[in-house]
Structures are given as C-alpha cells and as structure tokens.
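Enquirer: Got a sequence here, can you build the structure:
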Amino acid sequence: MVSTISSSSSSFFTLDPGKDFLRGGLNAYDRGMQPIDRWKHEFDKISARLERAESVPSARGPVSRGNAASAIRDYFAQSFRNLPRELLDSLLEGIEGEFAKDRDRALARCATLGSILLMDYDGGVLDDRDWDSIREAFSESGGELDLELLTYAMQLVLDKGRL
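Expert: All right, here's what the predicted structure looks like:
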C-alpha cells in the first residue's frame, strides 16, 4: 500500500501509485471510511513517516524541511490528480518556507486545504492570507473546475469575509 518515491536527495513515502484512495483502493479497514477520512489517514501516516525520517539520520542524511514540503506537494498532486496542477501549486505556494518556520502549522494548513478540496472543510484555522490565496487560486482555475467544488470553496471564502 505504501511505497517509496526517490527524490534527488532523499526518499519519501506516499500511496501506491496504482491505487487511488478516492476509489476505494486501500485495505479493508479503509473501505468503510469516507474520502476525507481516507485522505487524512494517509496524510497522517505520511506526516509521521516524514517526522521520523527528519529525526533519524539515514544513510543519505536527514530529510530537510524543504524535502518534506516537496513530499507533501507530491502527495497532493497524486491525491488530487483530477484537479488542475496550477490550482494545487497556487494553494501550496510558499509551503517550503512554512515548513522551515513551523512544521506543525504547515502540516495543519495542508490538512485543511485537503479537506476543502474534498469538500469537507474540517474547520481548521487558516489566516486571512490563506483565505485570500484560496480565493485567488480558485478564481484563476475556475474555468477548469467542477462547478460544485468551485461553489463550495468560494462559499467558504465568503463565509470568512474574504470575498
């Protein structure tokens, strides 16, 4: 179920590329879960593996925070491959800097962004700058998105007073 993806400087863990968690490609325990639960379950597992990799030097050296951010970007790209790459890049813009400053906040932000993309907002705390970037990202990609997702995200932005 979990495989290793090699990068130029270290290895990362992610879902098996042949299995799409949104289509029930995980084990029997996961089949009864909602898509948001499956996504967060895998996100938490990847986050924990990255944390262990950061704290225990490997033969190639410890995983840097920038590489961890890259692994999270890869996970988003794989998880939401049906969405425009530009949308994901825009939503995750600056994530490397966030990982360098506050890893826990960066992971919480990514989890919340994932919940929005799955149309099951988890109520996670995002600041005004985050909501502005969500508004801009969805506005720029609006023509390529499912109307239901676009409406959902923009309603959240409106609810937060950032439209």
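Enquirer: The nearest residue to Ser79 once chain neighbours are set aside is in what secondary structure piece?
Expert: Ranked by CB to CB, 6 or more residues apart in numbering and with sequence neighbours excluded, the top spatial neighbour of Ser79 is Trp39, at 6.2 Å. For the C-beta atoms, the positions are set from N, CA and C on the backbone; glycine is no exception. Assigned by DSSP states H and E, Trp39 falls within helix 35-55.
Enquirer: Please identify the helix or strand for Cys110.
Expert: In the assignment (DSSP H and E), Cys110 maps to helix 103-117.
Enquirer: The residue nearest to Ser79 contacts Leu118, correct?
Expert: Yes - the pair formed by Trp39 and Leu118 meets the contact definition of CB atoms under 8 Å, at 6.0 Å.
Enquirer: angle of the helix holding Trp39 against helix 103-117?
Expert: Interaxial angle, helix 35-55 versus helix 103-117 (axes from the mean of the first three to the mean of the last three CA atoms, to 10 degrees): 160 degrees.
Enquirer: How about helix 35-55, which residues are buried there?
Expert: Ile36, Arg38, Trp39, Lys40, Glu42, Phe43, Ile46, Ser47, Arg49, Leu50, Ala53, Glu54 (16 or more other CB atoms under 10 Å).
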